[in-house]
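Q: Structure, please.
(one chain, ligands or ions: 1)
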Amino acid sequence: MMTIEIRTVGVLGAGQMGSGIAQVAATAGYTVKLADVDLERATKATSKIAAMLGKLVEKGKLTAEAAEATAKRLIPVAGIADFGDCDLVIEAATENVDLKLKLFAACDAAMKPDALLASNTSSISVTKLAAVTKRPGKVLGMHFMNPVPLMRLVEIVKAVQTEPETYTTIKEAAEKMGKTVVTSNDAPGFLVNRILIPMLCEAMFAVQEGVGTPEDIDTGAKLGLNPPMGPLELADLIGLDTVLAIANVLYTDIGDTKYRAPTLLKNLVRAGWVGKKGGRGFYVYDEKGQKVPEGFVGTITLNRPDKLNALNAELVGELHRVLAEIRRDKDLRALIVTGAGDKAFAAGADIAAMSTMTGPEAKAFGELGHAVGAQMETLAIPVIAAVNGFALGGGCEMALACDFIHASTKAKFGQPEVNLGVIPGFGGTNRLARRVGIGRARELCFTGDVIGAEEALRIGLVNGIHAPEELLGKVKEIAAKIATKGPLAVAQAKRVLLRGLDVPLPTANELEVQAFAALFGSEDQREGMAAFLGKRPANFVGR
Ligand SMILES: CCCCCCCCCCCCC/C=C/C(=O)SCCNC(=O)CCNC(=O)[C@H](O)C(C)(C)COP(=O)(O)OP(=O)(O)OC[C@H]1O[C@@H](n2cnc3c(N)ncnc32)[C@H](O)[C@@H]1OP(=O)(O)O
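A: Sure, this is the predicted structure:
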């Protein structure tokens with residue numbers, strides 16, 4: 001029996017999968033009609049694909065002429081009614097059986113009798129979908145992998161009713177789209193998910209039973225078995241709700257308890273922690289989808305709000321002890337320092353305590369303060385000041401000992417010690433001069449002037465200012481971003497930037513080269529570069 005020659009392909013569903021399918025079909029030379037719930041969505045997706053093709057041109061992977069011709073072959077349409085002249089329609093809607101049955105019946109009614117109809121389903125019975133059409137012999141599964149333009153595989157699923165000619169024509173079309181085809185009969189999970197989903201669930205059972213942490217399971221799988229991602233990272237990427245839905249199909253349809261979903265997976269989905277797309281699954285993700293290592297950001301809160309967090313010997317001694325503990329903590333990747341209450345970061349050294357000090361006592365107090373500053377500067381992790389109010393005298397000096405400062409719009413900074421007949425005793429003279437320049441530091445130290453957040457931003461004392469209620473969240477975002485980077489690299493950058501301040505430029509450059517070279521051969525350097533080349537996020541371990 002002769003089958004149809006494929007010239008025009010309809011793609012139903014303009015989400016990530018549908019857009020990917022439309023892109024590879026148009027690139028292969030087919031005219032592609034892309035439809036979604038309305039024309040607007042289809043048009044938006046078509047523009048996105050055109051932009052993607054533009055990027056490929058920029059990277060030299062596609063000629064400008066080929067990109068233009070491909071984009072011309074992509075036609076957004078209002079809906080299924082426009083599929084009348086399509087030789088093949090590929091449905092790529094949400095993985096919901098009732099929806100797909102409805103769409104299949106509608107496509108069948110709109111399409112010409114000899115056209116072929118395929119579903120991109122990853123788990124739903126193609127035989128069942130074929131049965132709601134008047135062309136069951138012309139229906140099969142065409143399961144593309146995500147992201148479609150990059151993944152080489154298409155799993156072709158033969159329904160019980162699929163005619164051999166339909167299979168041959170679709171196989172040729174998939175190969176024309178640059179894909180390698182594997183063939184599966186219509187069985188739960190087909191080939192790929194039949195293997196993948198139990199593997200992902202087994203990793204989850206291992207977490208549930210306390211055999212290992214998600215990080216160790218993923219690292220073990222990656223380094224021991226060599227896939228680009230660990231099973232739990234991959235489950236987060238696919239979406240835990242999708243993994244659960246497929247696991248349930250496998251369990252229900254095959255009826256073997258070895259396919260049951262772990263309680264942990266069910267609970268994560270019940271909590272709404274569905275993986276990367278929801279911001280949280282086995283891991284936590286930022287708004288850009290970057291993995292945020294949990295528990296890697298610490299916060300020190302100066303907590304003496306009734307005295308505007310003024311620094312007395314007890315508070316400074318406690319800081320010294322806590323910072324020594326933090327230095328031993330191998331998990332922390334960034335530290336935030338802030339003040340309790342909504343009025344002050346720290347309004348200075350405790351004037352009442354200082355008022356009765358002798359010279360030697362003041363020296364000991366100052367030295368303790370300097371020891372604390374040195375601890376902060378020489379920690380391997382970045383320390384960020386979140387200045388939420390007054391940062392005066394010792395408070396300003398403490399913020400200056402941090403790697404950088406973000407402040408609330410209400411913050412006030414100053415070195416008002418001259419008002420008390422003394423000078424800054426905890427680095428306020430020279431750290432301030434290095435941050436804002438000698439002239440401004442002199443003026444602030446000689447006049448005791450207090451400046452607001454805008455002025456502090458203008459002179460470079462702070463890196464950013466934020467609404468008071470947003471400050472801590474913003475600083476946590478910055479700290480979390482740093483925590484996703486290579487910890488050894490961040491530590492070396494901090495060390496070189498600090499030590500470079502005190503030496504001539506050629507010596508500073510020498511320090512930089514040594515630190516740069518020292519990072520090569522580390523696990524993190526290998527991981528960072530492999531991740532870039534593998535087009536995946538890096539998972540740094542600090543070794
Ligand atoms: C890693 C860093 C470690 C740092 C370790 C530092 C160690 C120290 C090193 C050695 C010292 C080096 C030299 C440093 C010197 C100084 O810091 S001198 C102090 C400089 N600061 C000031 O001069 C500010 C003083 N405060 C004020 O001017 C006002 O309080 C204010 C900030 C303008 C706010 O005014 P207002 O809103 O009216 O509040 P108040 O009622 O004044 O304050 C509320 C209570 O808080 C007490 N208080 C405020 N600041 C201090 C302070 N610096 N010391 C002690 N107590 C302070 C204030 O007395 C109020 O208390 P009560 O009266 O009991 O309510």
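Q: Distance check, the residue lying farthest from the centre of the chain against the ligand.
A: Ranked by distance from the centre of the chain (C-alpha atoms, centre = their mean), the top residue is Thr358, with 54.0 Å. Taking C-beta to the nearest ligand atom, to the nearest Å as the measure, Thr358 falls 14 Å from the ligand. Where C-beta positions appear, they are placed from N, C-alpha and C, glycine not excepted.
Q: Let me see the contact set for the residue nearest to Glu512 when sequence neighbours are not counted.
A: Excluding the flanking residues, the one nearest Glu512 by C-beta to C-beta, 6 or more residues apart in numbering is Val496, at 5.1 Å. Shown in contact with Val496 (C-beta atoms under 8 Å, 6 or more residues apart in numbering): 508, 511-512, 515.
Q: Just the buried residues from those, in PyMOL please.
A: Buried members of those can be picked out in PyMOL with the line below, counting by 16 or more other C-beta atoms under 10 Å:
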select buried, resi 511+512+515
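Q: ok, the contacts of Val496 vs Ala324, which is closest?
A: Ala515 (24.5 Å; C-beta to C-beta).
Q: is it true that that closest one touches Val490?
A: No: Ala515 is not in contact with Val490 according to C-beta atoms under 8 Å; the separation is 11.4 Å.
Q: for the stretch 1-150 of the chain, which spans come out with low pLDDT?
A: 1-2 (pLDDT under 70).
Q: Same check on the chain?
A: Answering for the chain: the residues below the bar, that is pLDDT under 70, span 1-2, 293-294.
Q: dump the residue contacts of the residue of it found nearest the ligand.
A: As assessed by C-beta to the nearest ligand atom, the ligand sits closest to Gly393 within the chain, at 2.3 Å. Shown here is Gly393, whose contacts under the criterion C-beta under 8 Å, 6+ apart are 347-349, 414-417, 424, 428.
Q: Skipping its backbone neighbours, what lies nearest it in space?
A: Gly348 (3.0 Å).
Q: For that neighbour, grab the count of nearby residues.
A: 28 (other C-beta atoms under 10 Å).
Q: That one and Glu455: what is the separation?
A: 19 Å (C-beta to C-beta, to the nearest Å).
Q: hmm, back to that, helix or strand for the residue nearest to Glu512, just tell me which one.
A: Assigned by DSSP states H and E, Val496 falls within helix 487-500.
Q: Ok, Ala203 next?
A: helix 192-208.
Q: Now that helix: buried residues?
A: 193-194, 196-198, 200-201, 203-207.
Q: what's the most distant pair in those?
A: Longest span within the buried residues of helix 192-208, C-beta to C-beta: Arg194 and Val207, 22.1 Å.
Q: mind checking the SS state of the nearest residue to Ile300 once chain neighbours are set aside?
A: Leaving aside its sequence neighbours, Ile300 sits nearest to Val337 (C-beta to C-beta, 6+ apart; 4.9 Å). Put simply, Val337 is strand when judged by DSSP: H, G, I helix; E, B strand; the rest coil.
Q: I figured Val337 hits Leu302, correct?
A: Yes: at 7.3 Å, Val337 and Leu302 qualify as touching, with contact defined as C-beta under 8 Å.
Q: which residues are common contacts for those two?
A: Met398.
Q: What about Glu5, how many residues nearby?
A: 7.
Q: Contact partners for it?
A: Per C-beta under 8 Å, 6+ apart, neighbours of Glu5: Asp87.
Q: Quick check: it vs Val372, distance?
A: For Glu5 relative to Val372 (C-beta to C-beta), the value is 78 Å.
Q: Run through the residues of the stretch 351-500 of the chain sitting next to the ligand.
A: 351-352, 365-366, 369, 372-373, 376, 390, 392-394, 398, 401, 416-417, 420, 424-426 (C-beta under 6 Å from any ligand atom).
Q: Of those residues, which belong to strands?
A: 390, 392 (DSSP state E).
Q: Narrow the residues of the stretch 351-500 of the chain next to the ligand to those that are buried.
A: 365-366, 369, 372-373, 376, 390, 392-394, 398, 401, 416-417, 424-426.
Q: and the chain, which residues reach the ligand?
A: 307-308, 310-311, 316, 319, 347-352, 365-366, 369, 372-373, 376, 390, 392-394, 398, 401, 416-417, 420, 424-426.
Q: pretty sure Leu265 is touching Leu244, no?
A: Yes: in terms of C-beta under 8 Å, Leu265 counts as a neighbour of Leu244; the distance is 5.5 Å.
Q: who's more crowded, those two?
A: Higher neighbour count among Leu265 and Leu244: Leu265, with 24 against 21, using other C-beta under 10 Å.
Q: isn't there a helix covering the more buried one?
A: Yes: Leu265: assigned to a helix according to three-state DSSP.
Q: for Ser184, helix, strand, or coil?
A: Assignment for Ser184 (three-state DSSP): strand.
Q: what about it, neighbour count?
A: Ser184 has 18 neighbours, counted by other C-beta under 10 Å.
Q: pretty sure it contacts Ala159?
A: No: taking contacts as C-beta under 8 Å, Ser184 lies outside contact range of Ala159: 10.8 Å.
Q: Need the overlap of contacts for the two.
A: Gly141.
Q: how close does Glu175 get to Leu153?
A: Glu175 sits 12 Å away from Leu153, going by C-beta to C-beta.
Q: Need the overlap of contacts for these two.
A: Contacts common to Glu175 and Leu153, judged by C-beta under 8 Å, 6+ apart, are Val181.
Q: before we move on, the earlier item: in helices, which of the residues of the chain next to the ligand fall?
A: 316, 319, 351-352, 365-366, 369, 372-373, 376, 394, 398, 401 (DSSP state H).
Q: Identify the farthest-apart pair in these.
A: The widest separation within those (C-beta to C-beta) is 25.2 Å, between Ala352 and Met376.
Q: Excluding chain neighbours, what is closest to the most centrally placed residue in the chain?
A: Taking C-alpha atoms, centre = their mean, the centroid of the chain lies closest to Gln290, which sits 1.0 Å from it. In this structure, Gln290 finds its nearest non-sequential neighbour in Thr484, 5.4 Å apart by C-beta to C-beta, 6+ apart.
Q: Hmm, Lys291 and that neighbour touching each other?
A: Yes: counting by C-beta under 8 Å, Lys291 is a contact partner of Thr484 at 6.2 Å.
Q: list the residues that contact both of the two?
A: Pro537.
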